[in-house]
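In: Sequence and predicted structure below; questions after.
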Amino acid sequence: MIDSVQFHPEMTHFDESTASDGGFGATVITSFLALARAYWLERPEPQALDP
């Protein structure tokens, strides 16, 4: 999402933008990031490979 806006600033001008959806887009993004964080924190630490 960040890359989309960074490289395509016109994305914020579409009707689908989170700027005009009454907070729905922000809720979806925030929920996704919370789930991604929980998933990431549940993963075991990567182990170095022994040569």
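Out: Yep, it's here.

In: Show the low-confidence segments of the chain, by residue range.
Out: Scanning the chain for pLDDT under 70 picks out 1-19, 51.

In: and the longest helix for it?
Out: Longest helix in the chain by number of residues, with DSSP state H as the criterion: helix 24-42.

In: what packs against that one?
Out: Identification of packing neighbours for helix 24-42 by 3 or more C-beta pairs under 8 Å, 6 or more residues apart in numbering; DSSP states H and E yields no helix or strand. For every residue, glycine as well, the C-beta is placed using N, CA and C.

In: Now that helix - C-alpha only, CSV.
Out: Output of helix 24-42 as CSV, limited to C-alpha atoms (Å, rounded to 0.1, in the frame of the first residue of the first chain):
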residue,chain,number,x,y,z
PHE,A,24,-13.6,1.7,6.2
GLY,A,25,-10.3,1.4,4.3
ALA,A,26,-8.3,2.5,7.4
THR,A,27,-10.1,-0.2,9.4
VAL,A,28,-9.3,-2.9,6.8
ILE,A,29,-5.7,-1.8,6.6
THR,A,30,-5.3,-1.6,10.4
SER,A,31,-6.9,-5.0,10.9
PHE,A,32,-4.7,-6.5,8.2
LEU,A,33,-1.5,-5.1,9.8
ALA,A,34,-2.6,-6.3,13.3
LEU,A,35,-3.1,-9.8,11.9
ALA,A,36,0.2,-9.7,10.1
ARG,A,37,2.0,-8.6,13.2
ALA,A,38,0.4,-11.4,15.3
TYR,A,39,1.4,-13.9,12.7
TRP,A,40,4.9,-12.6,12.5
LEU,A,41,5.3,-12.6,16.3
GLU,A,42,4.1,-16.2,16.5
